[in-house]
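1. what's the 3D shape of this:
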Amino acid sequence: MKRVVITGMGAVTPIGNNLQQFWEGIQKGKNGIDTITCFDTKDRKVTLAAEVKDFKPEEILDKREARRMDRFTQFALVAAREAFAHSRLNTADEDVSRMGVIISSGIGGLKTIEEEEKKGSLKGYDRVSPFFIPMAISNMAAGTVAIDLGLKGMCSSVVTACASGTNAIGDGFRYIKHGYAQVMLCGGCEASITPLGMGGFTSLQALNTGTDKNRASIPFDKERSGFVMGEGAGVLVLEEYEHAKKRGAKIYAEIVGYGANCDAHHMTAPLEDGTGAAACMELALQEGGVKPHEVTYINAHGTSTPLNDKGETKAIKAVFKDHAYELAVSSTKSMTGHLLGASGAIEGIITAMSIYEDFIPPTINYQVKDEECDLDIVPNEGRKQRVSYGLSNSLGFGGHNASILLKKAEE
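-> Down below sits the predicted model:
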């Protein structure tokens, strides 16, 4: 079995359009939620979201290629290029058949689907763009990145709703661990802040309908009432340890465990007792050979919905017992909103950076204590603290659960 480390990261998020800006925003407790600007919210129940700001693809990408990509693919390509550059890998020195891509999206090109449906209904469906299908399908982010960087190993896209990004990282970890590749670019991307996307989640009664951006995404707070939609992308470079060591790469963290399972319970609701999520975390700990008391920090799924936060708290208590009250459990969705298929990717980056820099991010805008969510959620301000092991959880519609366990790189 091979060891797997993280040697590069890239991010496009509601609080920063590159890794440095994003991580500084996390450390400062920056709120990326504000009034929706990408469409008219008049007469809409939901008016807040966590949009990516000041993103001008025509200034970053070739103008022609940018027009042929949905927004979710644009995010992925920018994040992947940054992650690859950050890793200091050079394809000229590598066997590109041993370098692959797993970049997920929960929904794919929703903006393109909406626009082309309108065009088809007005002009006839044979008049839709010839690029409609390749712009809309959710695997195209992974394919575009592989084409752009010339990576010829396995190229795939996991679609497991809000667990997609974490599953992508976990699957890439296993692919390297078992010797099928030396390098994998893994992560997730999403761009579903659209009229139809927001309408669908509003009808599900999943979203916060308030107008105060500082009380919208409030994980573990007793007044939480729904999540806030976010968008963006996160990509991590996973590399076989000896390969990274040989080329003198900087190692940010090591991935040691991965859990993936299913509640097999309900289309949208998690198991109320948290047993599915608990079993998933236990799988990650078992693979890593790590005892519960060794874990310092959990980046919780923490969506700010009544059922999720209560159930995830129960799951953490079931796995960690008394240590549940000693470890830190924060939800960075309080800052970024919920990026759906990209959430696990950017939260994987946060967990890696927390380990690398010994900093635990806060759960911002916390005010009202919930007796059923009584763990140390690092309220309002982050803190410097040594992080030896960090766990990142993602729980998706359909009952999909995924957890990855990261370890501090050996000094």
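
2. how about the strand or helix carrying N393 as CSV, C-alpha atoms only?
-> Using DSSP states H and E, N393 maps to strand 389-396. Output of strand 389-396 as CSV, limited to C-alpha atoms (Å, rounded to 0.1, in the frame of the first residue of the first chain):
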residue,chain,number,x,y,z
TYR,A,389,-5.4,14.7,12.8
GLY,A,390,-8.4,16.3,11.1
LEU,A,391,-11.6,14.8,9.8
SER,A,392,-13.8,16.3,7.1
ASN,A,393,-17.4,15.1,6.8
SER,A,394,-19.9,15.4,3.9
LEU,A,395,-23.4,14.1,4.0
GLY,A,396,-25.5,14.2,0.8
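
3. next helix or strand past that strand?
-> The helix or strand immediately downstream of strand 389-396 is strand 400-407, counting by DSSP H and E.

4. mind listing the helices for the chain?
-> Using DSSP state H, the helices found in the chain span residues 19-28, 57-60, 63-67, 71-87, 110-123, 132-136, 140-149, 164-177, 195-203, 241-246, 275-288, 306-320, 333-336, 343-357.

5. export the ones you listed to TSV and tack on mean pLDDT?
-> Output for the helices of the chain, formatted as TSV (pLDDT from 0 to 100):
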stretch	mean pLDDT
helix 19-28	98
helix 57-60	92
helix 63-67	93
helix 71-87	98
helix 110-123	97
helix 132-136	97
helix 140-149	98
helix 164-177	98
helix 195-203	98
helix 241-246	98
helix 275-288	98
helix 306-320	97
helix 333-336	98
helix 343-357	98
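
6. which one, of these, ends up nearest to A409?
-> Among those, helix 343-357 comes nearest to A409, with 7.6 Å by CB to CB. Any C-beta I mention is one placed from the backbone N, CA and C, and that applies to glycine too.

7. let me know the angle separating that closest one from helix 19-28.
-> For helix 343-357 against helix 19-28, the angle by axes from the mean of the first three to the mean of the last three CA atoms, to 10 degrees is 80 degrees.

8. next, the angle from helix 343-357 to helix 164-177.
-> Helix 343-357 and helix 164-177 meet at an angle of 60 degrees, taking the same axes, to 10 degrees as the criterion.

9. may I see the buried residues of helix 343-357?
-> Neighbour-count burial for helix 343-357 flags 343-356 (criterion: 16 or more other CB atoms under 10 Å).

10. now do stretch 97-104
-> Across stretch 97-104, burial judged by 16+ other CB under 10 Å covers R98, M99, G100, V101, I102, I103, S104.

11. let me know how buried the residue nearest to the last one when sequence neighbours are not counted is, in neighbour terms.
-> With sequence-adjacent residues excluded and distances taken as CB to CB, 6 or more residues apart in numbering, S104 is closest to S164, at 3.6 Å. Using other CB atoms under 10 Å, S164 is surrounded by 33 other residues.

12. need the contact list for S164.
-> Shown in contact with S164 (CB atoms under 8 Å, 6 or more residues apart in numbering): S104, S105, G106, V158, G188, L340, G341, A342, G344, S394, G396.

13. give me that answer again for 6 Å
-> Listed by CB atoms under 6 Å, 6 or more residues apart in numbering, the contact set of S164 reads S104, G106, V158, G188, G341.

14. next one: V159
-> Contacts for V159 were tallied using CB under 6 Å, 6+ apart; they are S138.

15. gap between it and S330?
-> Counting by CB to CB, to the nearest Å, the gap from V159 to S330 is 27 Å.

16. ditto for M267
-> In terms of CB to CB, M267 sits 28 Å off from S330.

17. who's more crowded, these two?
-> Shown here are M267 and S330; by other CB under 10 Å, S330 has more neighbours (30 against 8).
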